[in-house]
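Peer 1: Fold the stuff below for me.
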Amino acid sequence: MENERLDDLQNGYMLIQNPKQFCFGIDAVLLAWFARVKPGEKVLDMGTGTGIVPILLKARYPGGRFTGLEIQEESAALARRSVAYNSLEDDIVIQTGDIKRASEVFSPSSFDAVTTNPPYMIGSHGLVGENTAKTIARHETLCTLDDVISQAASVLVPKGRFYMVHRPFRLAEIMSTMVRYKLEPKRMRLVYPYVDKEPNLVLIEGMRGGNSRITVEKPLIVYEKPGVYTDEILEIYGRERQETAAREEET
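Peer 2: Numbers count the residues shown, from 1 in each chain. Prediction:
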């Protein structure tokens with residue numbers, strides 16, 4: 001269709017995207033890499049957009065069963081088409097629905113793991129223009145951090161795992177909110193654009209009803225220099241697409 005493109009994910013799967021709406025970035029890739037899925041587990045991706053995280057997770061963990069929840073029907077439709085294009089209808093289900101009602105859309109305690117790449121910006125901070133797909137993806141116009149964490153806790157089984165990518169400037173709020181809903185922070189990794197810059201992403205894992213103990217992993221550095229990924233990022237992305245991916249992230 002008009003403005004759409006078919007992207008090769010370099011893992012055997014393709015993804016349909018529309019640059020006029022919203023295209024996935026490195027945060028989604030890192031989230032799918034950071035998350036862990038055991039064979040037979042049921043995983044919910046909250047705010048799945050065009051379905052990038054479930055598709056990446058399916059490539060890494062073929063024994064998992066994945067569901068994507070997305071409020072924007074246009075994005076959900078793209079995700080369903082990508083799922084169908086890759087013949088993954090038996091493995092990935094895309095559900096249109098509101099994160100704020102996840103525990104009503106799905107049964108409580110029905111998922112072993114939840115992943116989410118939620119809007120980072122509070123309310124209308126830095127907001128320009130109307131509620132486009134990009135605005136909804138980046139700003140808390142339709143759901144808040146509290147909504148995301150509380151609903152994740154509701155749909156997780158006891159000892160179920162929560163995986164989120166977010167911005168470090170909200171880390172105190174993230175931690176306190178997770179603890180309030182009994183999603184105990186268990187693992188964290190900060191992501192730095194360059195070794196001498198401040199971190200701009202944080203990857204965090206929580207456990208529903210877990211004990212109070214967190215492991216802080218070594219920093220993840222994205223670029224050696226402009227347009228050149230570090231070896232660790234190349235391993236995550238796959239060396240075949242280092243040139244184009246690095247250029248896209250720099251723009």
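Peer 1: Quick one: neighbours of the closest residue to residue 19 other than its chain neighbours, just the number.
Peer 2: In space, residue 19 comes closest to residue 3 once its chain neighbours are excluded; the distance is 6.5 Å by CB to CB, 6 or more residues apart in numbering. Heads up, the C-betas are built off the backbone N, CA and C, glycines and all. Other residues lying near residue 3 total 9 when counted by other CB atoms under 10 Å.
Peer 1: so what's residue 3 up against?
Peer 2: By CB atoms under 8 Å, 6 or more residues apart in numbering, residue 3 lies in contact with 18-20.
Peer 1: and if you look at residue 70?
Peer 2: By CB under 8 Å, 6+ apart, the neighbours of residue 70 are 47-49, 51, 76, 79, 94-97.
Peer 1: Among those residues, which are located in helices?
Peer 2: Taking DSSP state H as the definition of helices, those contribute 76, 79.
Peer 1: Just put the contacts of residue 70 in CSV and tack on distance to residue 88.
Peer 2: CSV is the format used below for the contacts of residue 70 (distance: CB to CB, whole Å):
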residue, distance to residue 88
47, 19
48, 13
49, 16
51, 9
76, 15
79, 11
94, 10
95, 15
96, 18
97, 20
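Peer 1: Write a ChimeraX command that selects only the buried members of the contacts of residue 70.
Peer 2: Typed into ChimeraX, the line below selects the buried ones among the contacts of residue 70, using 16 or more other CB atoms under 10 Å:
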select :47,48,49,51,76,79,94,95,96
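Peer 1: Show only the entries of the contacts of residue 70 found in strands.
Peer 2: Mapping the contacts of residue 70 onto strands (DSSP state E) picks out 94-96.
Peer 1: closest to residue 187 among the contacts of residue 70?
Peer 2: If you rank these by distance to residue 187 using CB to CB, residue 47 comes first, at 21.0 Å.
Peer 1: backbone phi and psi for that closest one, please?
Peer 2: phi 80, psi 50 (degrees, to the nearest 10).
Peer 1: Hmm, residue 116 and it touching each other?
Peer 2: Yes. Between residue 47 and residue 116 there is a contact under CB atoms under 8 Å: 5.8 Å.
Peer 1: hey, what's in contact with both of these two?
Peer 2: With CB under 8 Å, 6+ apart, residue 47 and residue 116 have common neighbours residue 148.
Peer 1: Spell out the secondary structure type for residue 89.
Peer 2: Put simply, residue 89 is coil when judged by DSSP: H, G, I helix; E, B strand; the rest coil.
Peer 1: how many neighbours does it have?
Peer 2: Neighbours of residue 89 (other CB under 10 Å): 11.
Peer 1: isn't there a strand covering residue 113?
Peer 2: Yes. Residue 113: assigned to a strand according to three-state DSSP.
Peer 1: and it, what is it in contact with?
Peer 2: Taking CB under 8 Å, 6+ apart as the test, what residue 113 contacts is 35-37, 41-44, 156, 160-163.
Peer 1: Restricted to helices, list those residues.
Peer 2: Short answer: the contacts of residue 113 have none in helices (DSSP H).
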